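Trainee: Let's see this in three dimensions:
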Amino acid sequence: MSRTITRLFDSHTQAIQAVDDLEAAGVDHDRISIVSNNADNWHDGHKHAGGSGRGPLGDANGDGENDVVDGAGKGATRGGLIGGAGGLLAGLGMLAIPGLGPVVAAGWLASTAVGAAVGAAVGGAAGGLLGALKEAGHSDEEANVYAEGVRRGGTLVSVKADDGDADRIEQLLNGRHGVDATTRGQAYREQGWSRFDDTAQPYSVDDISRERARYQTGENRSFGGMEGSDDGEPDRIRTPGEMPGAPRTF
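Mentor: The predicted model follows:
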């Protein structure tokens, strides 16, 4: 048996580090997916490990086409161009998902989200990312929180984990300060939010910046003990091995 484990990251960098951690720990990239809000165009200006460098973001094979969209349209949810031989991040591509605005995504969840959006247009089902999360096994409440998290500037990392490996996967995601649906959903509801609305206006860059700042100070579990940086990312927690005078570990 297997189940889907998802965590929400407010920092692009932490989400990418989480993917690297998973792959380094032997988790097949076919089992991993990432969906990241790209309203600030952060991903387009960064080189990600495993990328070919031969074309634009999402063009893993250098043919000038967005391989994530192409693969999703063909139902290529395993291997091939979604994820790519160089690892999951080699297949990052740009998508537009209802209610979210521009996103960057790779992996099976991206493919499912594109298929769900098409199905919704035809049959009126819950489409886009919300439908994909439900299809992956998340409850209605979890799916709404995670979809809203991406709308507000976050990044989802989702893993199809065998039952015997689930605890290890959770530890790897939590180690990069991923937030679960229960924690973030409570915070959203305290602000008067009830559920994800795919017809709502996507968040602007300024909206997203304010949202990230809210959780840097509001969730000590995820962002206590900050380490400053000048890379435009929300600051990262210092782990015990990264405190002043301690050797840095990655």
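Trainee: Would you state the strands of this protein in chain order?
Mentor: Per DSSP state E, the chain carries strands over the ranges 2-9, 32-37, 93-97, 101-107, 155-162, 226-227, 236-237.
Trainee: What ranges in the chain fall below the confidence cut-off?
Mentor: In the predicted model of the chain, residues 44-86, 114-127, 217-250 satisfy pLDDT under 70.
Trainee: All the helices of it, in order from the start?
Mentor: With helices called from DSSP state H, the chain shows them at 12-24, 67-73, 108-123, 128-135, 140-151, 166-175, 181-190, 205-218, 220-223.
Trainee: would you turn those into a markdown table with distance to residue 159 and mean neighbour count?
Mentor: In this view, the C-beta of every residue, glycine as well, is placed from N, C-alpha and C. A markdown table is the format used below for the helices of the chain (distance: least, Cβ to Cβ, whole Å; neighbours: other Cβ atoms under 10 Å):
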| stretch | distance to residue 159 | mean neighbour count |
| --- | --- | --- |
| helix 12-24 | 7 | 21 |
| helix 67-73 | 18 | 22 |
| helix 108-123 | 10 | 20 |
| helix 128-135 | 13 | 25 |
| helix 140-151 | 13 | 23 |
| helix 166-175 | 5 | 17 |
| helix 181-190 | 15 | 16 |
| helix 205-218 | 22 | 15 |
| helix 220-223 | 19 | 17 |
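Trainee: will you turn those helices into TSV that also has distance to residue 95?
Mentor: Formatted as TSV, the entries for the helices of the chain read as follows, by distance: least, Cβ to Cβ, whole Å:
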stretch	distance to residue 95
helix 12-24	16
helix 67-73	6
helix 108-123	7
helix 128-135	10
helix 140-151	11
helix 166-175	22
helix 181-190	22
helix 205-218	17
helix 220-223	26
